[in-house]
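S.K.: Here is a sequence with its predicted model. Questions after.
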Protein chains: 2
Amino acid sequence: MRLAELSTRSGVSTATIKYYLREGLLHAGRRVTATQAEYDEGHLRRLRLVRALIQVGGIPVASAREVLAALQDGDLDRNQRLGSAVWALPHGPAPDDDDPATEVGRRTADALLDRLDWDYGPTADAPAAPAYGMLVTAIATLSRLGYPCSVEDLEPYGRAMERMAVSDLDLVERYRTPEEQVEAAVALTVLYEPVLLSLRRLAQAEESRRRFGGR
Amino acid sequence: MRLAELSTRSGVSTATIKYYLREGLLHAGRRVTATQAEYDEGHLRRLRLVRALIQVGGIPVASAREVLAALQDGDLDRNQRLGSAVWALPHGPAPDDDDPATEVGRRTADALLDRLDWDYGPTADAPAAPAYGMLVTAIATLSRLGYPCSVEDLEPYGRAMERMAVSDLDLVERYRTPEEQVEAAVALTVLYEPVLLSLRRLAQAEESRRRFGGR
DNA sequence: CATGCTTGGATAGTGGCACTCCCCAACGGG
DNA sequence: CCCGTTGGGGAGTGCCACTATCCAAGCATG
């Protein structure tokens, strides 16, 4: 199909598609002549994924490019590809080690990961995952504002996420090829985030209504 | 204290503080002379909250202003204030009703909220909560990409969020005054989001490692 | 009281990001 | 042959979160 058809079928303007082509989020179509190119269903599928990551998942174009590059890096195995894709997702400001609250955050995070028996914190031979820094920063910020969150407060959240991860991976394993699995993992990681956050806000509203009354 | 001291104590540049004052995120200091103003601990506290919401919570300045305005709206009771504060948080693009996938999303969301026995969906007399639209959009996007998520898939996530909401509200009720409670609720809603998301990513990495091996 | 630094307020400018507009040369159907 | 359409590419736009500059009014010191 031509660019114009890719545009109407995806609902993305040709200008934006050309922008994504330039930015490397979409690979070029098969060149038919010097001035025309042919796109296929793969392009349409990829374009829909890109839009979903950017618009619904809210991730920046540059991060999306890295995530997608990791998806199809033939040099990596399945677990590594998944790791580097998630690694490329935005993860907020790094912990500020000049701030004393960061020390609290780091200790709490380490104790929590230890309690949960996960091993993605910093070690001698591997750098900490970006999500680890994100966790430290968030705990530090809460403590700076005077809302301490202890390991005991956090452990149930960790356990809940552990159960979700199991069902996420179950879902991923329904797909046969590693390519499909890695793409599914990325899509589920990013697109379940708004699902979780909206459910949390709805649950809070519901619980607040139950406790404090009214609507 | 003077603006300069507020700046050093908060770690925020005077230029940025002046910007927040202009944008109404921080109320003006007590005017001492025509060209000098005095700030207090309340300003420092508010400034730290603003920075946390914007930098760690990632919410835009305009949304932060609305959230903070809701916090101190004396005309509302506790539940309403909490509701309108959370209402003002960013919630992504609204569902696109021209897209057939939105219909799927809406039906799934309605069935889910019904199953969970929550009542924050759209009704005859009240508009849907923004988080409802966020949920519909996310489910619709997943289904458009070919990742259907059924009510059965989502219910456990909803239940998990229900339990989190209970412990969130328990934490909020530790505070005595309604002002403190509402501020705590907003801070916990926003700042636990990165905690949850980072724990989820770490849990996924851990589970992926367990299933697929390696590190 | 003169001088020179600081303070707070206002206005304009900066850099990054995600597009979006416009032009051009090359097709290609009638 | 000719005129509308296509793809490529660079420049421009609008928004956002600051940030730099300017100015008049303090205050501090000699």
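M.R.: Alright, I've got the coordinates.
S.K.: Every contact and neighbour count from this point should use C-alpha atoms.
M.R.: OK.
S.K.: Nearest residue to the middle of chain A?
M.R.: residue A:190 (3.9 Å; Cα atoms, centre = their mean).
S.K.: tell me which element that residue falls in.
M.R.: helix A:178-212 (DSSP states H and E).
S.K.: touching DNA strand C at all, the lowest-mean-pLDDT helix or strand in chain A?
M.R.: Across the helices and strands of chain A, mean confidence by mean pLDDT, DSSP states H and E is lowest for strand A:30-33: a mean of 87. Yes. Using Cα under 7 Å from any atom of the strand, strand A:30-33 reaches DNA strand C at residue A:33.
S.K.: next structured bit after that strand?
M.R.: By DSSP H and E, the next helix or strand past strand A:30-33 is strand A:36-38.
S.K.: any bit of that next one sitting next to DNA strand D?
M.R.: Yes. Using Cα under 7 Å from any atom of the strand, strand A:36-38 comes into contact with DNA strand D via A:36-38.
S.K.: helices and strands around the helix holding residue A:190, which ones?
M.R.: Where contact means 3 or more Cα pairs under 8 Å, 6 or more residues apart in numbering or on different chains; DSSP states H and E, helix A:178-212 is packed against helix A:61-71, helix A:78-87, helix A:151-172, helix B:78-87, helix B:130-144, helix B:151-172, helix B:178-212.
S.K.: Out of these, flag the one nearest residue B:119.
M.R.: The closest of the helices and strands packed on helix A:178-212 to residue B:119 is helix B:130-144. By Cα to Cα, the value is 10.4 Å.
S.K.: which helices and strands does the closest one pack with?
M.R.: Contact here means 3+ Cα pairs under 8 Å, 6+ apart; on that basis helix B:130-144 packs against helix A:178-212, helix B:100-116.
S.K.: Going by neighbour count, list what's buried in the last one.
M.R.: Using 16 or more other Cα atoms under 10 Å in any protein chain shown as the burial criterion, the residues of helix B:100-116 that qualify are B:101-106, B:108-110, B:112-113, B:116.
S.K.: and if you look at stretch A:24-37?
M.R.: For stretch A:24-37, by 16+ other Cα under 10 Å, it's A:24-26, A:29.
S.K.: got it, and stretch A:2-21?
M.R.: Applying 16+ other Cα under 10 Å to stretch A:2-21 flags A:3, A:6-7, A:10, A:17, A:20 as buried.
S.K.: How far off centre is it?
M.R.: What separates the centre of stretch A:2-21 from the centre of its chain is 25 Å, taken as Cα atoms, centre = their mean, to the nearest Å.
S.K.: would you turn the helices and strands packed on helix A:178-212 into a markdown table with distance to DNA strand D and mean pLDDT?
M.R.: Below are those laid out as a markdown table (distance: least, Cα to the nearest atom of the strand, whole Å; pLDDT from 0 to 100):
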| stretch | distance to DNA strand D | mean pLDDT |
| --- | --- | --- |
| helix A:61-71 | 13 | 95 |
| helix A:78-87 | 24 | 90 |
| helix A:151-172 | 28 | 94 |
| helix B:78-87 | 17 | 90 |
| helix B:130-144 | 18 | 96 |
| helix B:151-172 | 26 | 94 |
| helix B:178-212 | 15 | 93 |
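S.K.: The ones you listed: which one's closest to residue A:213?
M.R.: helix B:78-87 (7.4 Å).
S.K.: is any part of the helix holding residue A:190 close to DNA strand C?
M.R.: No. Using Cα under 7 Å from any atom of the strand, helix A:178-212 stays clear of DNA strand C, with a minimum separation of 14.9 Å.
S.K.: Would you mind listing the residues in contact with residue A:96?
M.R.: Residue A:96 makes contact with A:102, A:137, according to Cα atoms under 8 Å, 6 or more residues apart in numbering or on different chains.
S.K.: Same list, the residues of strand A:36-38 next to DNA strand D, but only the ones touching DNA strand C.
M.R.: Answer for the residues of strand A:36-38 next to DNA strand D near DNA strand C (Cα under 7 Å from any atom of the strand): residue A:36.
S.K.: Kind regards, and thank you for your time.
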